[in-house]
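[1] take a look and give me a structure for this.
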Amino acid sequence: MPSPITEDNAASDPQAIRCRFQSFSLRIGPLGIKLEGTFDPSHWTLDSAHHRFLSSSLNSDLALQLRYIRPVQPSRPLVFRLGSLASVHLDGSIWVFQVSGDDPESRPDRTVVLDATGTQGTLDLDAEQSPVLRYVYPLQYPLEELLFRHLLPNYGSVLLHACGIEWKGRGYLFVGSSGAGKSTTARLWKAAGATILNDDRTILEASPNGIRLHPTPWFGVHSDIGGEATALQAIYLLRKGESVSFEALPVAKATALLLAKSFPPLWDPGRLEQTLAVLERACRAVPCGWLTVPPDERAVAWVMNHS
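    Below is the predicted model of the structure:
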């Protein structure tokens, strides 16, 4: 394991100098996050899905200055807690996200502070408490997903618990809880020649360019994901059955059901309202309803014939 890079050894260590000016960019859907500071991504372990979303662009929507220091404990009010894993604080227009380590009783080991614009911030890692943090991906779960959930509404987007596929230039969204059939749906459509955007978590965007689906790296069972932003053709809420049937839903009910299967920023009423607007716009734009599916190719054939 390499020695930690510090200001003292950076001047004499060419590798440290190289790392000192290195940045790391990730773009998922309409949002790009860039890390800047003293680090070496070659030591980070990223799954194959994440490698598809690495960006070489110098542009980013959020730039985080990475610092290996003990985070200051916020006096800001707690507004949301994700079990024992993370907490969200708010002071005026400053958002603070804290992630705990393996021991929920210990002090948080990662803290992100976002400025009022949501485009700049700091990411402090407590390497004193957890030295391994110098050599692991700083945005590892749940921090990466929390930041995207927080910022996606700014870009007319929401993360859904859904399988997204692209077939002949058209995007289809299959929404459901765990066990509803999303992974089976992905497998069947893959066999039919479709591109799997994601089998578990897909981004839905309502932008001036239309309603689109985006792939994400947060897969369930099938890591072979990819594709590009795809125009949405239909939204199907999955339920299991012996034969294929479709039940269209009113916009209001469809919107409510989609919200229940989404990952919105529950800690921010304003962003939650933006999320609802995204879902409502999508439900008005394309067919949306219950799709009863057996675990075989009949559901794929039905969608193909009714697209």
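[2] the helix or strand that Ser183 is a member of packs against which elements?
    Assigned by DSSP states H and E, Ser183 belongs to helix 182-191. Where contact means 3 or more Cβ pairs under 8 Å, 6 or more residues apart in numbering; DSSP states H and E, helix 182-191 is packed against strand 157-167, strand 195-198, helix 298-306. Placement of C-beta: from N, CA and C, glycine included.
[3] what is the mean pLDDT for that helix?
    Across helix 182-191, the average pLDDT comes to 95.
[4] from here on, call the first residue 528.
    I'll keep to 528 as the first residue from here, and by that count the last item is helix 709-718.
[5] distance between it and the chain's centre?
    21 Å (Cα atoms, centre = their mean, to the nearest Å).
[6] try stretch 616-626
    With Cα atoms, centre = their mean, you get 19 Å for stretch 616-626.
[7] then that stretch to PDB, C-alphas only?
    What follows is stretch 616-626 as a C-alpha-only set of coordinates in PDB (Å, rounded to 0.1, in the frame of the first residue of the first chain):
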ATOM      1  CA  HIS A 616     -28.500  18.600   7.900                       C
ATOM      2  CA  LEU A 617     -29.500  22.000   6.700                       C
ATOM      3  CA  ASP A 618     -28.500  25.500   7.800                       C
ATOM      4  CA  GLY A 619     -30.100  28.200   5.700                       C
ATOM      5  CA  SER A 620     -29.200  27.200   2.200                       C
ATOM      6  CA  ILE A 621     -26.200  25.000   3.200                       C
ATOM      7  CA  TRP A 622     -26.700  21.300   2.900                       C
ATOM      8  CA  VAL A 623     -24.500  18.800   4.900                       C
ATOM      9  CA  PHE A 624     -24.400  15.000   4.200                       C
ATOM     10  CA  GLN A 625     -22.700  12.800   6.800                       C
ATOM     11  CA  VAL A 626     -21.900   9.100   6.400                       C
END
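[8] quick check: buried residues in that stretch?
    For stretch 616-626, burial by neighbour count (16 or more other Cβ atoms under 10 Å) applies to 616-617, 622-626.
[9] pick out the most distant pair among those residues.
    Across the buried residues of stretch 616-626, the longest distance by Cβ to Cβ is 16.4 Å; it joins Leu617 and Val626.
[10] the strands in the stretch 578-727 of the chain, which residues?
    589-594, 605-609, 613-618, 621-626, 637-641, 647-652, 684-694, 697-702, 722-725 (DSSP state E, counting those that start in this stretch).
[11] and those strands as JSON lines, adding distance to Leu785?
    As requested, the strands of the stretch 578-727 of the chain are exported to JSON lines (distance: least, Cβ to Cβ, whole Å):
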{"stretch": "strand 589-594", "distance to Leu785": "26"}
{"stretch": "strand 605-609", "distance to Leu785": "21"}
{"stretch": "strand 613-618", "distance to Leu785": "23"}
{"stretch": "strand 621-626", "distance to Leu785": "25"}
{"stretch": "strand 637-641", "distance to Leu785": "27"}
{"stretch": "strand 647-652", "distance to Leu785": "30"}
{"stretch": "strand 684-694", "distance to Leu785": "7"}
{"stretch": "strand 697-702", "distance to Leu785": "6"}
{"stretch": "strand 722-725", "distance to Leu785": "16"}
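[12] ok, which of these comes nearest Pro669?
    strand 613-618 (5.4 Å).
[13] let me know the average pLDDT across that closest one.
    Here the average pLDDT along strand 613-618 is 92.
[14] about what we covered before: so what angle separates the directions of the helix holding Ser710 and helix 825-833?
    60 degrees (axes from the mean of the first three to the mean of the last three Cα atoms, to 10 degrees).
[15] Trp789: how many residues sit nearby?
    Slight slip there: residue 789 is Ser, not Trp. 20 (other Cβ atoms under 10 Å).
[16] typo on my end, it should be Asp751
    Neighbour tally, Asp751, other Cβ under 10 Å: 12.
[17] find the residue closest to Pro791 in space, skipping its chain neighbours.
    Excluding the flanking residues, the one nearest Pro791 by Cβ to Cβ, 6 or more residues apart in numbering is Thr802, at 4.2 Å.
[18] for His577, same thing?
    With Cβ to Cβ, 6+ apart, the residue lying closest to His577 is Pro744, at 4.6 Å.
[19] and the pLDDT at the nearest residue to Lys717 once chain neighbours are set aside?
    Leaving out its chain neighbours, the residue that sits closest to Lys717 by Cβ to Cβ, 6+ apart is Ile723, at 5.6 Å. Ile723 is assigned 97 on the pLDDT scale.
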